[in-house]
Structure formats: structure tokens, C-alpha cells
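Colleague: Sequence and predicted model, in that order:
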Amino acid sequence: MSKAPALELIDIHKTFTDVEVLKGISLKAYDGDVISILGSSGSGKSTFLRCINLLENPTKGEIIFNGESLKLTSSGRDLAAADMKQLTKMRQQIGFVFQSFNLWPHMTVLQNVMEGPSHVLKRPKHEVMDYAEHLLNKVGIADKKHMYPNQLSGGQQQRVAIARTLAMDPQVILFDEPTSALDPELVGEVLGVMRKLAEEGRTMLIVTHEMSFAKEVSSEVVFLHKGVVEEKGTPDKVFNSPDSERCRTFLSSTY
Amino acid sequence: MDFSVVVEYFPRLLEGAWVSVQLVALSVVLGALVALPIALARISQNWWIKGFPYAYIFFFRGTPLLVQIFLVYYGASQFDVVRESFLWPILREPYWCAIIAFTLNTSAYTAEIFRGAIQAIPEGEVEACKVVGMTKAQMYRRVLLPRAFGIVLPAYGNEIILMLKGSALASTITILDLTGMARTIIARTYTPIEIFLAAGGIYLAISMVIIAIFRQVEKRQNRYLGTVSIKVPDKG
Ligand SMILES: Nc1ncnc2c1ncn2[C@@H]1O[C@H](COP(=O)(O)OP(=O)(O)OP(=O)(O)O)[C@@H](O)[C@H]1O
Ligand SMILES: [Mg+2]
């Protein structure tokens, strides 16, 4: 491949107080890649994802977005953004979908979706409104646009959160277990939306416990264990003939 | 007991009540404006930024309101600078001295309430701001302050009622608020029980109106905001 990766993480380490949770993780995501990150609870999946846009400050490592290295400076034991402008700019182009949705409860569904593009990107209101309605339509929530988040089910809230992320036109979207907080009967509607995004060719990094979904949509699967990449490859390789014994055990216990 | 004096002097008591309501309304609104920057500074990580609000809050919560009123009313006139300044026409008036003292006092409590509310906002909502690339200022303007305001509003009625009761102290510096008016009437009629009962009844009625308003606000909000509980500092 001659083109540079959209997102590249090099040797990411993270230590909390005295535990090293990430022990040097590297990953490249090219445009259109859908990378699923699997691993048992506590293996460091969320921490890794959160280090990418500095929701968590890594202890060591490099983050390269679109060929541009994020400037970091040491702050105590960790690294922090050296240039807040660069960080906010980068965050505007990297979407993040949380396990717990994190919609702003004082805004309606439509306002949640419009907030980023109109107040952060400062795009014209009417344009943003049209686009927000289009996105809400796409995730199947158009009829609820004037409701408040607390009036919606978990699955509906998560679909709004995805629309909110899409409204920024992000180049890469990070998902941290987007269906883990949902009742089983609501998981499908969210996975359906994510499947659509994968088919559109969006670049996504997905931390998930939904094995059949990961197998179906991913271009690459990464298995984390105790803060290291234990297994990595195509879904076929990781699910059907993993090299790592631990990965095999993990998959047989969950899938 | 002779309640005909109550009937006779009721209009005067209402006049006094009107003064009390003004004192409270003005100082609560001004107090909220003063409280906002103090609360924001108090949240700062910088010790030399949060040092001032810390001392400010410590002083106004740690000393009696009556002492604060006397300090403003008797204290200001001690300084030639004050007497010669353009502020003197204001600082000479007991009415404005009371408002200044009440404003400062309530702003210290309100700052703590604001701070509690801002810190009660779930971390996830703050992270949602960060991941869309908001700056700190955008985050406060668009999410944290409106959110804190919503969280605070129901609890805020409590502070207003405490202020209403505290406002009776205005009578000590010759203001004819509800309490001051009652005392003036009693000096003439020698019917303390009847008049103080009537004054107490009016205070209660005002409190009930305030409670009713805030209950309505709370009801409207819970419909879509859900409940976030915050620790409201005790009035010492
Ligand atoms: N803020 C923190 N302070 C201290 N330790 C933390 C913190 N966040 C996470 N950890 C620890 O780091 C380890 C990895 O956590 P992480 O949340 O990344 O795991 P995970 O793979 O996402 O697990 P899960 O599947 O349960 O979400 C855990 O042992 C956790 O206790
Ligand atoms: Mg996790």
C-alpha cells in the first residue's frame, strides 16, 4: 500500500498508578478499514481507544493522524497534548461513540446532533439542520427529533449518539462497546446502523464483544490480552485458526 | 388579644413585605452574577486562582450575616476615600448597604452551589464535549453552564428562602422591611403578639410562593432531565 494510513498508533503504553495496562500497542488503520478490537474484560481495550484521542493520556507512544504526528509533551509520568489547537482539530475529525451514549440531556435529539457542526465547525444553521435530519433518518430516529435523550430507549439513544458523531463528518470513528449497555433486544438495531456504516466504507475501530458482528464486518481483528496485541489478522484467520492459545480459549468461551 | 390592630396596620405590613421582597430579589440576582466567576475560579486547578474564592467563601460563610451588614453599614463610612468617592451616595443608604451585604453573603453560598452542580455533571457528558473538539470555553458555554443551571435551579429555592429569613436583619440598620415595619407598629400599639404573628404569617406566605414556583420548575425539568443530586452546602 502506498497511501499513508488514516490513523497510526505506535507503541502506546499506559500506566495507571502502578499497573501497566497497555504495554506497547501499535496499529494502523487505512481509509475504509474496519478494525475490531477484542479481548477479555480488563485487557485494556477501552484504555487503548481512549488514548487515541487523549481522553486518556498515554505514558508513552506516538499518534499519527493523516500523516501528522500529534505533538505531545510530558506531564508528570504521562504525555499530554503540547498543542491544544492541534488536538481539538484532530478530535473534530475522529468520532467517538461511548458505551454509555453520553448524550447531552438538556438538548433535544436534534440539538444534540447539530451541536458539533454548528458550534464547533461553525457551519451554517440551515445546512446543519438538513444534514442532521438526514442522519437521524438514516439511523431511524427522525420521528423523535424533538424529544429529549431521557425519553428514549438505550438503543435509540445510541443511534442518536452515532448520528451526532456522523454529523461531524469524521474521517475515523472509534466505538467503545457501543452495545454493551443495551438490553439484548436492542442490540440488533444499533449493530444494524454500524453495519450500514461499514458497508459505506467508513473507517472504524470497534471495541466489541459481539463476535459474529466482528467476524462479519471487520477487515481486521485484533485480540488484546493484558495490554499486548496477542493475535491479529483477518477475521477468518483470527476466528478460525488463531496462533495464540489464549485467543483460542477466549473465542471458545465467548463465541 | 386584639386583632383589629392587624387589620388596621395590615397595609403597612404589606409595604414592609414589599421592601423585603425587593431586598431578597435584588440580592439573589446580583449574588448569582457575582457567584458565577467565583465558582469558576474555585474549580480551577491553579492554587493562586482558586485561593481568592476560597478565602471569600470561607469568610462569608464563616461569619454572621449581621456582622457583615454592620461591617458594610458602619464600616464604609470610616474611610475618607469612601466618603469622598462617587459611591458614597449609595453606601450612605441603609437600603443599599443591606443589598450589598446580602449580595456578598448569598454569592458565597451560591458559588458553592454552582460549583457542586458543575462537578456533579457526569464525566461522560464532559467527554462527549471533548471528543467533538470543543474548546474549554465552548464546553462551558454550551454544556456545563446550562447543565449546571438546570441542576441547581430546583435546589436554589432553598437558598432564596434562607435569604428571605435572613433579610429580617435589615431592620437592624433602620430599614422598614417587614420586620422593621412590625417593630415600628408595635412601638406605637404595644401589641407585639398580634403584629409579629401577622408578620410571621406574611413571611410564610412568601416562602410558600417561592416553594411553589420552584416545585413547578423542578417538575418541568424532571420530565426530561432526569435527576442529578448535588450536595448543597448547609447554611451555618
Ligand atoms: N482511570 C483508571 N485508573 C486506574 N485504573 C484504571 C483506570 N481505567 C482503567 N483502569 C484499569 O485498567 C485496566 C484496563 O481497563 P480497560 O477499561 O481498558 O479494560 P477493557 O478491556 O476496556 O475492559 P471491559 O471489557 O471491561 O470494558 C483495568 O484493570 C482497569 O481496572
Ligand atoms: Mg472497556
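Modeller: Yep, it's here. Ligands and ions are numbered 1, 2, ... in the order given.
Colleague: quick one: low-confidence parts of the stretch 1-150 of chain A?
Modeller: In the predicted model, the stretch 1-150 of chain A carries pLDDT under 70 at residues A:1-2.
Colleague: What parts of chain B come near chain A?
Modeller: Residues of chain B lying near chain A by CB under 8 Å from any CB of the partner chain: B:122, B:124-125, B:127-128, B:130-135, B:138, B:142-143, B:146-147, B:150, B:224-226. Where C-beta positions appear, they are placed from N, C-alpha and C, glycine not excepted.
Colleague: dump the residue contacts of residue B:42.
Modeller: Contacts for residue B:42 (CB atoms under 8 Å, 6 or more residues apart in numbering or on different chains) come out as B:50, B:53-54, B:57, B:111-112, B:115.
Colleague: quick revisit: among the residues of chain B next to chain A, name the ones in helices.
Modeller: Of the residues of chain B next to chain A, the ones assigned to helices by DSSP state H are B:124-125, B:127-128, B:130-131, B:138, B:146-147, B:150, B:224-225.
Colleague: Make CSV from the residues you listed and add distance to residue B:165 and neighbour count to it.
Modeller: What follows is those, written out as CSV (distance: CB to CB, whole Å; neighbours: other CB atoms under 10 Å in any protein chain shown):
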residue, distance to residue B:165, neighbour count
B:124, 39, 13
B:125, 35, 20
B:127, 41, 16
B:128, 41, 27
B:130, 42, 18
B:131, 46, 25
B:138, 40, 17
B:146, 30, 14
B:147, 30, 24
B:150, 26, 18
B:224, 33, 16
B:225, 29, 19
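Colleague: What about whichever residue of the stretch 151-255 of chain A sits closest to ligand 1, how many residues nearby?
Modeller: At 6.0 Å from ligand 1, residue A:177 is the closest residue in the stretch 151-255 of chain A, using CB to the nearest ligand atom. Residue A:177 has 20 neighbouring residues, counting by other CB atoms under 10 Å in any protein chain shown.
Colleague: shouldn't it be in contact with residue A:194?
Modeller: No: checked against CB atoms under 8 Å, the pair residue A:177 and residue A:194 is beyond contact range at 11.9 Å.
Colleague: hang on, the earlier thing: I'd like to know which of the contacts of residue B:42 are buried.
Modeller: For those, a neighbour count by 16 or more other CB atoms under 10 Å in any protein chain shown gives the buried set as B:50, B:53, B:57, B:111-112, B:115.
Colleague: and which of these is nearest to chain A?
Modeller: Closest to chain A out of the buried ones among the contacts of residue B:42 is residue B:115 (18.6 Å), distances taken as CB to the nearest CB.
Colleague: Near chain B, which residues of chain A? Just list them.
Modeller: So far as CB under 8 Å from any CB goes, chain A lies against chain B at A:53, A:55, A:84, A:88-96, A:98, A:100-106, A:115-116, A:119-120, A:147-148, A:150-151, A:164, A:168.
Colleague: quick one: which of those sit in strands?
Modeller: Those of these mapping onto strands are A:94-96, per DSSP state E.
Colleague: By neighbours, which of those wins?
Modeller: So for these (other CB under 10 Å), the most neighbours sit at residue A:95, 27 neighbours.
Colleague: still on that earlier bit, can you pull the contacts of the residue of the stretch 151-255 of chain A closest to ligand 1?
Modeller: Residue A:177 makes contacts with A:45-46, A:99, A:207-209, as judged by CB under 8 Å, 6+ apart.
Colleague: cutoff 7 Å now
Modeller: A:99, A:207-209 (CB atoms under 7 Å, 6 or more residues apart in numbering or on different chains).
Colleague: ok, which stretches of the stretch 151-255 of chain A are strands?
Modeller: Under the criterion DSSP state E, counting those that start in this stretch, the stretch 151-255 of chain A contains strands at A:172-176, A:203-207, A:220-225, A:228-233.
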